[in-house]
Each structure stands twice: as structure tokens, then as C-alpha cells.
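> Any chance you could fold what I've pasted below:
(one chain, ligands or ions: 1)
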Amino acid sequence: MSQQDKTFSLEIREDKIGVLTMDVPGETMNTLRAEFADEISDLMKEIKSNSDLQGLVLISGKKDSFVAGADVTMIDACETAADAEQLSLEGHRVMGELEALNIPVVAAIHGACLGGGLELALACHIRVCTESTKTALGVPEVMLGLLPGSGGTQRLPRLIGVAKSLDLMLTGKQIRAKQALKMGLVDEVVPETVLLEVAVKLAKKGKIKRELKRDLTGKLLETNKFGRNIMFDQAAKQTFSKTRGNYPAPEAILEVVKLGQEKGFEAGLKLEAKRFAELAMTSESACLRGIFFATTEMKKEDGVEGVAPKKVKKAIVLGGGLMGGGIANVTATKAKVPVRIKDIAPQGLLNAQKYTYDLLNKKVKRRFMSKAEMQSQLAMITGTTEYTGVKSADIVIEAVFEDLKLKHQMVADIEANCNENTIFASNTSSLPITQIASEAKRPENVIGLHYFSPVDKMPLAEIITHEGTSDQTISTTVEFARKQGKTPIVVKDGAGFYVNRILAPYMNEAARLVLEQEPIEAVDKALVDFGFPVGPVTLLDEVGIDVGAKIGPILTKELGSRFEAPAAFDKLLADDRKGRKNEKGFYLYGKKAKKGKKQVDESIYKLLNLKPEASMDPKALAERAVLLMLNEAARCLDEGILRSARDGDIGAIFGIGFPPFLGGPFHYMDSIGIAELVDKLERHQDKYGERFAPCESLKAMAKEGQKFYN
Ligand SMILES: C[C@H](O)CC(=O)SCCNC(=O)CCNC(=O)[C@H](O)C(C)(C)COP(=O)(O)OP(=O)(O)OC[C@H]1O[C@@H](n2cnc3c(N)ncnc32)[C@H](O)[C@@H]1OP(=O)(O)O
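Have a look, this model is predicted:
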């Protein structure tokens, strides 16, 4: 193997410190692969046989990353549990060899240090990282349905304690340098320019004698069997309340960490490899890995192949409501693009600016951000009640009231004030973009850019094109949304676009179940147990019953009677029930609600003349709502609303929290089997009505034995 094909290079400095640089050839990021085993063995031999060597620094040759973990493609390619177990055991061997070196080994970390990357750093004797915001440490394996399989379940608790390790392993969260230092994960934090220099110094100083410092709770819970049992039982309960038994990885993490604490390091490693392998073979992990591959692929897409996006240097947001405030926030803080909010009322501007102020202030209070940084980000958001500054804007995003006339007015006002390239992006959730663009002078610049609330948290953006939207407008908008931290999917214009279109029949069915006397909390629980983050009735309260009622007739008019909402909605609106926003909905809010406990507003049953009684099997209940969502998703793909099943899966997972462990509606339909799905729909059609009639494309696929993915 020539040097340029090699991943590792060892340079022995004059001061007898070896610098081992990892740089996987031809890749943007370092990942750990089984094929490096021979190279590493040779290196270890060389290091061990060099009696002059005083210490070793392990550093990355990549510009802004250390090691992003084991290569997920490699894990994905494992055909049997034995293959995956072998990978883990090989990782154990390499990490063990590194740890056993007599000389001090220092990991010099800058950028992503995740999964197997962090496990590699844990096998080193000392860790130093840069203070850069690019530096992030974590064990995100759980998000791939896996557990840390290169010794992480054993080394991490021994370094930082069990409770903190479980927090990192069960959430998969990534932490910054300062937090890592505080929890003892790294020994020093330094500016990037002196990383190597400090690492060399630390190597010369020698191995550190460590003692795990625990606070009183830590001592009580982690140092004896009784305390540990309490801690693990508690963690298991909390975990189950989140996973509802749908995700096997967190349970395996708890089991492996616990065993390692009880039976020792080696026994822990052995079980770690076994469980890692078993998890790698689960359908849950396969689906979660699929999401990783899909989102990585989507990061590289331009929206229109071969059309490079234009850089957005200035943005305008029309409307200072909750959505406008959120859009301005992600524009300034994530995309780092100056943004001006235009509202008719000064109060609207203040509210919208306060949105970002409140979020940043929280960060300052938690010391995640300096006051100066907060000021500089806030300065990027300005306000106006006139159309000043529109001329130089590259994009205008309207987030005004859902009224076609008003939207037409906005298009006209902007076109009268902007330049000929300014994009007009509408954040409408229900009005067809074709109609919004119908009176535009430059319809090619008009596009939909649909965010989800709360904008700073929800990862999806739906980008809606009408017949006349130019390719340039599409690719620039896609890139802009991505810079705002969103995963964009491009969809064709049509009532409800994709996400609301599949959500509406699901929500309607939940409402019907309530009207059939199923208790509200039973309906919500059945769908949370199915894997949704919140139940449909809670969601309706959050979105707004009035908003739901407004979208329903639009969808029915454009797409047919299967979208008809139960008539009871009118009664709710007549009673001024809008949901959380006016503290009057299906659940109790404000002063009426008991703290920390979600309670149904029982008066709603009287209003609807219901005597609730759970009579349906929760699984059957969930299935009824989900089947309608699946059928509609298949229609969206067939009609070209969606470009691909992949976009449909990511859109549903990121937009409405479709259970990630099922891989999205299309993956889920494949796993049920299309013929079986059609059969289920037909049985529901017989029992509950025409809205369950399977769509033509599903019937055709069932006949041909086709799947969405091959
Ligand atoms: C045994 C072990 O315990 C098991 C494991 O380690 S499992 C892996 C755990 N690690 C992870 O889950 C991290 C996965 N990676 C990420 O989250 C993100 O890539 C990141 C945060 C590191 C960087 O994000 P970002 O800067 O947006 O770059 P992104 O486009 O995602 O990745 C850059 C390239 O690295 C690749 N990459 C990153 N991490 C990878 C991984 N773990 N495996 C394979 N490829 C990976 C991406 O596929 C992409 O490849 P490309 O250039 O050919 O498209």
C-alpha cells in the first residue's frame, strides 16, 4: 500500500513524541472501518518496537472533524449478527491495544468526535479538544438504533460516572467543549491554533492518575449495588415512558452498562459486542440508518439538478406573528443572513424580535452564548412598517394571515418594490401556490416555503413549486432553507401539499374515534404507543381547532369527500374552542390545569353529547388513523406531489413525527407488504366507509407484487 492510500501516518518528532494522523483518503470525514485493521496492527508494532518514543498524539488530518464514528455503511452491509459482532470485537481489540500502550497517548480533538470516534478518544489516556463551536462530542449510536460498540458502554461510565454516561448514551446528544471539560470527558480545552502543541505537552507530562469525582448523589447511587439498582430501575422507567418499547437500543444500553458495573470491564465488553450485533440486525436500526443515509444524500441536492443556487444575502419576512418571528430567527441565527421583518403594526415587530431575544437570552443564561454574540445576532433582525429595504432583498417570505386576497396584495406590494430577481416565498399551509402566483408579474419567482411550528425546532421545510416556478428560484430556495437548518423536500403544488394532506385524514379519523365514544386520552395514548411524539387530539389542540377546521373544507373541495371533517367541529368552534392558544380545547390549560398533569376537559363530552368508554383495542384504533395516512401518502407519490418515496418518508418523520423506527410511511407500507395493506384498507372500507378505499396505485402495486423501495 502506497503512503497516499494509507489512512494513518506516523511522524516521530525530534522531542520523541509521535504524531499519528488519521486521514481517510478521498473522504470528507474520517470514519472507522474494518479494512484499517492491518494498517493499525503494523503501526502498533512500529510504536511498540520504538523504545525511544516518549508519547503519542492522535490527531485528525481533516480540516474540521476528528472522527465521525464507525462507518455506518459498513455496519449496514453486515448480513448476519456474527458479521456485526466481529466488527465490534475488532474495535475492542484495537482500542484495547491503544489503551495498553506504555507511553501516554493523547487524543487531540477538533470537530466532530462521535460514536466510534469518541470511543477511540476514550481509549487514549488523555483528551484535549478545541474550544471551537465545530467541536462536538457524543455517542449518537442510539439514534441509529445501536449502542456504542467499541468499548464506549464500559469506558465512558468509568471516566465520567454512570448517570452522566447514560444521559449521553440514551439521548445521543452532542456536547460542546466546555460541557465536556466540566463533566471530565476531556482534560483540557484550547484554541484551535495550539491544539497540537498542547497535546504534545500533555503527552510529555505523562499519564494522568484519575479518580472519578462523584457528587453526593453519585456516591449514593453509583458506588453500591443497592443504589445502582435504584438508578437503573429509574432510568429504565424513564426510558420506557419515552420509547414505549418501540426502540430496543436504549434497553440494551441500560443492560450492558449495568452488567459492566456489576461483573467488570471484560464481561461488559463481551455483552456490548453481542448486543451491538443483535441491534444491528433489527428492523428498527435498519430504518434509523436509512434516515441517516437519506438525510446525508439530501444535504447534497440542489433542488434542481445542475442548477446552482444563488447566494441569499438579505431576506425580508412579511408578518411578525409566531411564524414570522420564527422564520426571522432561523434566518438570522442559523443562516446568518440579515433579515428585516415588515408588519403593519409596531407591536407585531416587537413581538417578532422578542421571539429571538427570548431564545438567545436562554442560551446566555445557560452560558452557551456570550452577551456580545447575542447582541450581534439580534442586530441582524430589524423591523419596518414600510416596504423599505425590499429593493435589495434576495428573498421575501410572507407569513401573513391565510387569506388569498391578502396574499395577492402582498405579491403586488412586493413586486412594486423589489428587484426583478427577488424571490417571493409564501409560508402558506393550505392555499395553492398556483393561486397565489396567479396575478404575479413575475410568477417564476413565486414559490411556497412551508415551515412547521415552532420554526426554530421543527426540522422540515416543504418547498412548493407551481408550474411556472423557475429552476433558479427552486434551487436558491432549497439552499436557503438548508442554511436555516432545515431539511427541505420539494413538492408539487396541490391542496395541503404533502404533509398537511396526509395529516388531515389521520386527524379526522382520530376525531371520529372520539365521536364514537372512545375516550380522548385513549385515542392519544394509542397513537403515542404506536410511536408518534404526541397524540392526534393533543396535536389538534396545539395546531388550533380553528386552523384544522379552515384547512378541511379546502382539502375537501380540491380532493374530495374523503377529507370531510366530522360535523362536530362546528360545535367546538361555536363554543369558542380553539385549543391551547385560547386555553380552551380538548384538554385543560392555564389555571384550570393541574401542574404537570395533562387532563381532558370533561366538559367537551357534554358539549358533544358523548359518554366515553374505551371499547376498541388500542392497536386497532391506531391502525384506523394510520391507514388513512398511508393511503394518502401513496396517492401523493402517484400524483407527483412527491418526487420520491424517500422524500415522503423524511417529510412525514421530520414534519409530523411519523415514528422514525418504522422508517416513514413508505418504508412502513413496504414492511406491511402492499398486498396486505390493500387487504387491510378494503376490510376497513367494508366496515367504516369509502374513505378507506385503497388508492389505484396501491392496488396496482399489490397486483404486480411491487414495493416502494427495492
Ligand atoms: C461501533 C460504533 O460505536 C458505532 C458507530 O460509531 S455508529 C456511527 C456514530 N456516528 C454518527 O452517528 C455520526 C453520523 N454523522 C453525522 O451525524 C454527521 O455526518 C456529522 C455531524 C458528523 C457531520 O455532519 P455534516 O457536517 O452535515 O456532514 P455530512 O454531510 O453529514 O457528512 C459528511 C460526509 O461524511 C459522511 N459520514 C459522516 N459520518 C459518517 C459515518 N458515521 N459513517 C459513514 N459516513 C459518514 C457522510 O456520509 C458524508 O459523506 P459524503 O461527503 O460522501 O456525502
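
> which bits of the stretch 101-250 of the chain sit near the ligand?
112, 114-116, 119, 140-141, 144, 146, 148-150, 152 (Cβ under 6 Å from any ligand atom). C-beta coordinates here come from the backbone N, C-alpha and C atoms, glycine included.

> Among these, which ones are in helices?
Gly116, Glu119, Gly152 (DSSP state H).

> Export the residues you listed as TSV, with columns for distance to Ile672, pLDDT and neighbour count.
Output for those, formatted as TSV (distance: Cβ to Cβ, whole Å; pLDDT from 0 to 100; neighbours: other Cβ atoms under 10 Å):
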residue	distance to Ile672	pLDDT	neighbour count
Gly116	34	98	30
Glu119	36	98	28
Gly152	35	98	29
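
> Identify, from the residues you listed, the entry nearest to Pro665.
For those, the residue nearest Pro665 by Cβ to Cβ is Gly116; the value is 31.5 Å.

> Tell me how many other residues crowd Ala416.
10 (other Cβ atoms under 10 Å).

> Lys164 now?
19.

> Can you tell me how far it is from the ligand?
For Lys164, the distance to the ligand equals 18 Å [Cβ to the nearest ligand atom, to the nearest Å].

> Going by neighbour count, list what's buried in the helix or strand harbouring that residue.
In the assignment (DSSP states H and E), Lys164 maps to helix 162-171. By neighbour count with 16 or more other Cβ atoms under 10 Å, helix 162-171 contains the buried residues Val162, Ala163, Lys164, Ser165, Leu166, Leu168, Met169, Leu170.

> Stretch 387-399 too?
For stretch 387-399, a neighbour-count test (16+ other Cβ under 10 Å) marks Tyr387, Gly389, Val390, Ala393, Asp394, Ile395, Val396, Ile397, Glu398, Ala399 as buried.

> which ones are touching the first one?
Residues touching Tyr387, when contacts are defined by Cβ atoms under 8 Å, 6 or more residues apart in numbering, comprise Lys342, Asp413, Ile414, Ala416, Asn417.

> Is it in a helix, a strand, or coil?
coil (DSSP: H, G, I helix; E, B strand; the rest coil).

> go on, the third one?
Secondary structure for Val390, judged by three-state DSSP, is coil.

> do you know how far it is from Ile397?
Here Val390 is placed at a distance of 12 Å from Ile397 (Cβ to Cβ, to the nearest Å).

> Any idea how many residues pack against whichever residue of the stretch 101-250 of the chain sits closest to the ligand?
Proximity of the stretch 101-250 of the chain to the ligand (Cβ to the nearest ligand atom) peaks at Gly115, 2.5 Å away. Counted with other Cβ under 10 Å, residues neighbouring Gly115 total 28.

> ok, and the closest non-adjacent residue to Gly227?
Nearest-residue entry for Gly227: Leu221, 4.0 Å, with adjacent residues in sequence omitted and distances by Cβ to Cβ, 6 or more residues apart in numbering.

> got the contact list for the one you found?
So Leu221 contacts Val162, Ala163, Gly227, Arg228, Ile230, Met231 (Cβ under 8 Å, 6+ apart).

> Likewise for Val19?
Leu10, Glu11, Arg13, Leu56, Val57, Ile59, Leu196, Val200.

> Equivalent analysis for Met183, please.
Applying Cβ under 8 Å, 6+ apart to Met183 gives the contacts Ile160, Lys164, Ile175.

> Apart from its chain neighbours, what residue comes closest to the second one?
If the residues on either side of it in the chain are set aside, Lys164 comes closest to Met183, at 5.4 Å by Cβ to Cβ, 6+ apart.

> Mean pLDDT per element in the chain, and the minimum belongs to which helix or strand?
helix 216-222 (a mean of 85; mean pLDDT, DSSP states H and E).

> Who are the packing partners of whichever helix or strand comes after it?
Counting by DSSP H and E, the element after helix 216-222 in chain order, helix or strand, is helix 225-243. Judged by 3 or more Cβ pairs under 8 Å, 6 or more residues apart in numbering; DSSP states H and E, helix 225-243 is in contact with helix 162-171, helix 216-222, helix 248-263.

> Could you work out the end-to-end span of stretch 27-47 for me?
The first and final residues of stretch 27-47 sit 26 Å from each other (Cα to Cα, to the nearest Å).

> Report the distance from that stretch to the chain centre.
In terms of Cα atoms, centre = their mean, to the nearest Å, the centre of stretch 27-47 is found 31 Å from the chain centre.

> for stretch 561-581, same thing?
So, by Cα atoms, centre = their mean, the centroid of stretch 561-581 is 31 Å from its chain's centroid.

> Am I right that Ser376 falls within a strand?
No - under three-state DSSP, Ser376 falls outside any strand and is assigned helix.

> Please determine how far it is located from Ala315.
17 Å.

> Show me whatever sits in contact with both of Val390 and Ile397.
Ile316.

> show me the residues around Gln261 that make contact.
With Cβ under 8 Å, 6+ apart, Gln261 has these contacts: Pro157, Val162, Glu222, Arg228, Gly268.

> ranking those residues by neighbours, who comes first?
For the contacts of Gln261, neighbours tallied by other Cβ under 10 Å; top is Val162, 25 neighbours.

> How about it: what's its closest non-neighbour residue?
Spatially, and ignoring its direct neighbours in sequence, Val162 is nearest to Glu222 (4.9 Å; Cβ to Cβ, 6+ apart).

> Tell me how many other residues crowd the residue of the stretch 251-400 of the chain found nearest the ligand.
At 4.3 Å from the ligand, Thr296 is the closest residue in the stretch 251-400 of the chain, using Cβ to the nearest ligand atom. Thr296 has 10 neighbours, counted by other Cβ under 10 Å.

> does it belong to a helix or a strand, and which?
helix 283-299.

> I'd like to know which elements the next helix or strand after that helix is packed against.
Once the chain leaves helix 283-299, the next helix or strand it forms, by DSSP H and E, is strand 315-318. Counting contacts by 3+ Cβ pairs under 8 Å, 6+ apart, strand 315-318 is packed against helix 322-333, strand 339-342, strand 395-398, helix 404-417.

> Contacts for strand 315-318 next, please.
Contacts of strand 315-318 (Cβ under 8 Å, 6+ apart): 324, 327-328, 331, 335, 337-343, 352, 389-390, 393-400, 410, 414, 480.
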